[in-house]
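Novice: coords below, sequence missing:
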């Protein structure tokens, strides 16, 4: 059994005078067992609590609430030589009632999902089963495949005072392939995934109507690590995401949805790396990351527009092992963000006033301290 918790602190200020801070404390428990030599069971429970405050354009907003509860179960079978099939299911359970969630879903108290990797909260019940297998090619090389489906439950949003709509996000299917190599000093793993989404609809007192269908998404990731000796090691990771054209409301139906003439989604590249020095019971080292989003795009997971930007993050991270399964970790980093102009969006031929932003430069600090206990 492993239990872990961490306190993460974010503080930011931009060139327009907007500022804010956020404290997020995730808590997790994992239970791993082998009831027999052929079976492995892994159960995970995760949740947490978040405090967020932001002042933007002279208006302030505050949010304090638990994040959604996530439960997952994975079963792996080892009875086939060289092949390890698995099945898993993950469930995200809302921690607020549907009407309380209205305020959460319309809150502006968090940074965008490119910057603050907090879990999605205030949405409906999400259920995600998946299957796959890992295959050993030889003692150094493995390949794998997986197929998953996420059923995303509906939730309420407020359009104007005393007027609510039910948001029905489209379900998502994802297929992925992976390959890994482990040598004496070099470890490298590559992953390719393809996701496609169903139509998102809105329900109001006048009925249910389609709203949009997000474009198909391709994600490519490469993670690598190299051990120089007993003391020094380095890591380098690359992630690339690209989305196709959305289907949006037609200005002159039918049909209700048409493929947008120009792709409003973006390509995103994230590069992260670091060097680690290991002592008798501790590790410490610098970290560096760079994120580039080439144009403004829509994140259908968090239901917000993400502007074109470049982001640099420089930090220091370390961990200390107390023994008996107890470990502490801490990190601090400074973030520089240059955000391009984000014009107002046009949906169904109508300009969504206020959905865009001017060019902004942001400076932020991120600090965390956590502990884990394993027995």
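Specialist: Good, I have the coordinates. Fair warning: this is a prediction, and the values are worked out from it, not measured in the lab. Numbering: from 1, shown residues only.

Novice: Lowest-scoring secondary structure element of this protein by mean pLDDT?
Specialist: helix 100-105 (a mean of 50; mean pLDDT, DSSP states H and E).

Novice: how would you label residue 167: helix, strand or coil?
Specialist: What DSSP: H, G, I helix; E, B strand; the rest coil gives for residue 167 is strand.

Novice: now it, nearest residue through space, not along the chain?
Specialist: Distances taken as CB to CB, 6 or more residues apart in numbering put residue 157 closest to residue 167, at 5.1 Å, once the chain neighbours are dropped. Heads up, the C-betas are built off the backbone N, CA and C, glycines and all.

Novice: From residue 209, how far out is the one you found?
Specialist: 15 Å (CB to CB, to the nearest Å).

Novice: cool, residue 362 as well?
Specialist: To residue 209, residue 362 is 37 Å away according to CB to CB.

Novice: which one of these two has more residues nearby?
Specialist: Remark: of residue 362 and residue 209, residue 362 carries more neighbours, 20 against 11, as counted by other CB atoms under 10 Å.

Novice: Quick one: list the elements packing against whichever strand or helix holds that one.
Specialist: Assigned by DSSP states H and E, residue 362 falls within strand 360-374. For strand 360-374, the elements it packs on are strand 2-14, strand 326-339, judged by 3 or more CB pairs under 8 Å, 6 or more residues apart in numbering; DSSP states H and E.

Novice: can I get the ones you listed in CSV with mean neighbour count, mean pLDDT and distance to residue 259?
Specialist: Shown next, in CSV, are these (neighbours: other CB atoms under 10 Å; pLDDT from 0 to 100; distance: least, CB to CB, whole Å):
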stretch, mean neighbour count, mean pLDDT, distance to residue 259
strand 2-14, 17, 91, 35
strand 326-339, 17, 93, 28
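
Novice: Residue 133 is nearest to which of those?
Specialist: Counting by CB to CB, residue 133 lies closest to strand 2-14 out of the helices and strands packed on strand 360-374; the figure is 25.0 Å.

Novice: Show me what that closest one is packed against.
Specialist: Judged by 3+ CB pairs under 8 Å, 6+ apart, strand 2-14 is in contact with strand 19-36, strand 326-339, strand 360-374.

Novice: count of neighbours near residue 361?
Specialist: Neighbours of residue 361 (other CB under 10 Å): 12.

Novice: Can you list phi and psi of the closest residue to it other than its chain neighbours for me?
Specialist: Counting by CB to CB, 6+ apart, the nearest residue to residue 361 once its immediate chain neighbours are dropped is residue 15, at 4.3 Å. Phi and psi for residue 15, reported as degrees, to the nearest 10, are phi -70, psi -10.

Novice: Now do the contacts for residue 15.
Specialist: 360-362 (CB atoms under 8 Å, 6 or more residues apart in numbering).

Novice: Of these, which is the nearest to residue 84?
Specialist: Closest to residue 84, out of all of these and judged by CB to CB, is residue 362, at 44.0 Å.

Novice: Grab the nearest non-local neighbour of residue 70.
Specialist: Of all residues not flanking residue 70 in the chain, residue 46 sits nearest, at 4.5 Å (CB to CB, 6+ apart).

Novice: what distance separates the helix or strand harbouring that neighbour from the centre of its chain?
Specialist: Assessed by DSSP H and E, residue 46 sits inside strand 39-56. Its chain's C-alpha centre and that of strand 39-56 lie 12 Å apart, by CA atoms, centre = their mean, to the nearest Å.

Novice: wouldn't the residue nearest to residue 70 be in contact with residue 6 here?
Specialist: No. Using CB atoms under 8 Å as the test, residue 46 is too far from residue 6 to be in contact (11.5 Å).
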